[in-house]
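>>> Here is a sequence with its predicted model. Questions after.
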Amino acid sequence: MMTTSTKDPVLVVIQLSGANDYMNTVIPYTDPLYYDFRPVVSIPQNEVVPIDGQLAFHPSLSPLKDKFWDTGKMALIHGAGYPNPNRSHFRSMDIWHTCEPEIMGIEGWLGRAIRDLDPTAENVLTGVNLGQSLPRALAVPGVPVASVANLEQYGVLTGIEGDKERNQALDVFARMYTPAVGSGIVMDYLAQTGQDILKGADILKVAPAKYSSTVEYAENSIAQALKGIAQVHLADLGTRVFYCSHALYDTHATQVVDHKKLWDDLAPAVCDFYDDLREHDASDNVVMLLFTEFGRRVRDNGSGTDHGSGGGSFVIGDPIKGGMYSEYPSLKPEDQLDGDLRFSYDFRGIYSTILERWLGLDAKPVVGGSFEQLDFI
Amino acid sequence: MASNDIQLMAHLMRRAGFGAPFEELEARAAKGYEATVEELLRAEEKPDWEEDVARRHMIGGHLGNAMPEIQGFWMQRMIATTRPLQEKMTLFWHTILCSGDSKLDHPETMDTHIDMVRENALGRYPDLLVALSRDPAMIIYLDNRYSHKDSINENYGRELLELFSMGVGNYTEDDVKMAARAFTGWTLAPAMNSFIPYQRHAFKFQYDPEDHDDGEKVFLGQRGRFNGDDIINIIARQPATARFIARHLYDFFVADEVQVPAWQTTPPRDPAAVNVLADAYLQSDYDIRSVLRVLFNSDFFKDESVWYARVKSPVEVVVGTMRLVGDHLTPAPGIESLVGAAGGMGQILLNPPSVEGWHGGKEWINSGALVNRVNFVANRVGDLSLPGVQRIVERLGDITESISPSDFVDGCLELMGSIRVEEDTRLALIAHVERGGPLVRDTEEERASFARKVGELLQLIASSREYQFA
């Protein structure tokens, strides 16, 4: 039943924008230091959802625990980060997107992966982003990625009435978006984007029309994005990499309320997504990665938490060997790095594991080196 | 067809404003370039927008979420303003001195925030920074109200240095802490959280001397018992600040630069121009209006190599289109949908994605955003009922008895704001017009068909690559 080995492996990435507080997501609830450092922004022991004697989930992750952790399909990667942590959102997110901690990278790691999966750009939908703007992780010049805010309305000059008139207009559009020598990088990029739209629009239109499901997603943005991903995945358009973002995890203040709301939206949305896929026998070839740009300070600031390092990532899916990977960073003052959790595992290892063991690619050129892989796949 | 004066005026108005219909370009060109620059700079000499009239159209916010109205209110103002440069500068600062309602959850405070920015948009930079540091929206957005004498919150101190003035690499982590200490006690009254439902109180700045760290601080090499004002005065006169602001102005008004995080390692596109602007800043007592006067009158700005060297931001696309077609020049329902349209292209007014603002330039473009840009503009310029479109149809009809396809295309490009396109694009458009048959307009029916052809051509021009640039 779940052994359709001919299906191509698919990766779904959810970006938790603004730096998710890992310490309050996977909580060291029996470590007295946790409550010492977090007099305000902590989850009381009687409210956490214990994993073992040391760690527990934030209560809002209960749906994920029930569906994935308890069935061995959820990997926690503690302390994911990189050397010399950068506490600027923009920069740190760029580092996660480009795998370039030292220099300003231009190419996104998933853009490179998409290029390797589809070197001749045969399918303009090999990578699909559900959202308003394209994240750098997916951006590599010359690699088409469809960035779709709304599946139903994807296509240009949709306001021109009459099939003949619209087709003629699309012909002119195609001609105007023909790259020409010497017109400049941005003009060429626009030309490429325009051509990709023409191709992608024709194909994507079928997805919502073909879709039917008993799963009812919530109205919030992350649930709707995952529903869009499910529609495209189930339409079987050859998409291998999906991306969407959930915001805003930048909980400098009033964290207890805001952080709960975020996970109250996210956790059920992920569960609905997998229910939807399972209902259509389409979940066994899908792996999901949830990541964020950094963790937050060990000590709370009286209302929230400031920018820190040493975050954590989650990998979920039927093919995943659930469990805890790498070491949970120590909270002891002598082990901290300027008041932050010290990262215990280089995030490029997570990418490498997924690239090699799941997508079947050579990870080294994509992430820029060799990094220790984990056994979650 | 277009005179050089009008083309240069079109360039100035795309940058110093949101573009202008052809009639306005003609009138301004007749007045002269420098006179127009001066008129734009002296915004306060123009009658202010009739704010009270527009406010009367804001009625729903009292009952529910006022945010769409407040965003629409600003959008409306940009479309209708008689002070385009003041509004453009307000947008400029909004992309740098970011604050957003996604965090505030308090629309009225975003409204007063942007009023504060507008009031200071063309003034001295340190005055703007002081007003910003006392601005309730910023005090909430970057958490200064949670920065206390006994436990500082570094958020505002850091971003003030990194994003609002000097840029990474020009200060130390200790400077960040010192700045944060100096701003302790800069807080709000009443200190109520914004998520209390049905709150109608306005936040006000309050200085709390009890919670201010009055101790000695060493900041950027200077020692003293600095308060926030002192920090801003020190920051404002730093050459790094001059260069940072100069480069931002160049990026926004002259030509797209690389993204801000790369500025530390990538030299400016035109280092001499940035130096000229930085000098103007330092020599004018940090007066932004003086810097802009230098900028718009400089050769590096007027040079044809920087025409169309900027990708329009979504707000520029939407506002510019409305001014062109003459829609929403007075308050009317539906303005919120224009806010949503810009959002669909990647820019939600008063809600930047993070404190670091939007990634502009080439990064405005991706398949989703381009779809939205093309369709939004095409649907407006193809609407023959809109006054600006009607004027274009009339003026084209006036030209001569018989109009050739190439004159027809050139005329449309001209009347859309003296737009220049690549020759290949022009030929594609001419071929399309030729395919449509003769451009006669003797009978009523032919005149209607002529108008439809104008609308269709305007749509195709709006969907071109060139139209994405300012």
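All right, it came through fine. Bear in mind the structure is a predicted one, so any value in this text is a computation, not a measurement.

>>> Secondary structure element for the residue of chain A most remote from its centre, which one?
Distance from the C-alpha centroid of chain A, by CA atoms, centre = their mean, peaks at residue A:164 (40.9 Å). Element membership for residue A:164 (DSSP states H and E) is helix A:163-176.

>>> give me every residue that touches residue B:354.
By CB atoms under 8 Å, 6 or more residues apart in numbering or on different chains, the residues touching residue B:354 are A:17, A:18, A:89, A:90, A:248, A:250, B:98. All C-beta atoms are positioned from the backbone trio N, CA, C, and that covers glycine.

>>> How many neighbouring residues does the third one have?
By other CB atoms under 10 Å in any protein chain shown, 21 other residues sit near residue A:89.

>>> What residues does the stretch 101-250 of chain B have near chain A?
Within the stretch 101-250 of chain B, the residues that sit near chain A (CB under 8 Å from any CB of the partner chain) are B:102-103, B:142-143, B:145-146, B:148, B:151, B:153-155, B:158, B:162, B:168, B:193, B:195.

>>> Go again with 6 Å.
Within the stretch 101-250 of chain B, the positions adjacent to chain A are B:102, B:143, B:146, B:151, B:153, B:155 by CB under 6 Å from any CB of the partner chain.

>>> The third one is in contact with residue A:305, isn't it?
No. At 10.8 Å, residue B:146 and residue A:305 do not qualify as touching, with contact defined as CB atoms under 6 Å.

>>> Which of these two has more residues huddled nearby?
Taking other CB under 10 Å, residue B:146 and residue A:305 do not tie; residue A:305 has more neighbours (27 against 22).

>>> Now the more buried one: closest residue in space, sequence neighbours ignored.
In space, and not counting its chain neighbours, residue A:305 is closest to residue A:296: 3.8 Å by CB to CB, 6 or more residues apart in numbering or on different chains.

>>> sorry, back to before: among the contacts of residue B:354, who's most crowded?
residue A:18 (28 neighbours).

>>> what about residue A:352, how many residues close to it?
Residue A:352 has 24 nearby residues by other CB under 10 Å.

>>> can you tell me which residues contact it?
When contacts are counted by CB atoms under 6 Å, 6 or more residues apart in numbering or on different chains, residue A:352 touches A:363, A:367, A:371, A:373.

>>> how about it, secondary structure?
State at residue A:352, reduced to three classes by DSSP: H, G, I helix; E, B strand; the rest coil: helix.

>>> how near is it to chain B?
25 Å (CB to the nearest CB, to the nearest Å).

>>> Do you know the pLDDT at that residue?
We have a pLDDT of 98 for residue A:352.

>>> now the closest residue in space to it that isn't next to it in sequence: how far from residue B:281?
In space, and not counting its chain neighbours, residue A:352 is closest to residue A:363: 3.8 Å by CB to CB, 6+ apart. Separation of residue A:363 from residue B:281 (CB to CB, to the nearest Å): 47 Å.

>>> With residue B:426 instead?
According to CB to CB, residue B:426 and residue B:281 sit 41 Å apart.

>>> what would the contacts of residue A:352 look like in TSV with secondary structure?
Shown next, in TSV, are these (three-state DSSP):
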residue	secondary structure
A:363	helix
A:367	helix
A:371	coil
A:373	coil
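
>>> what number of residues lie near the residue nearest to residue A:305?
Residues near residue A:296, counting by other CB under 10 Å, number 33.

>>> Since that was my last question, I'll sign off now.
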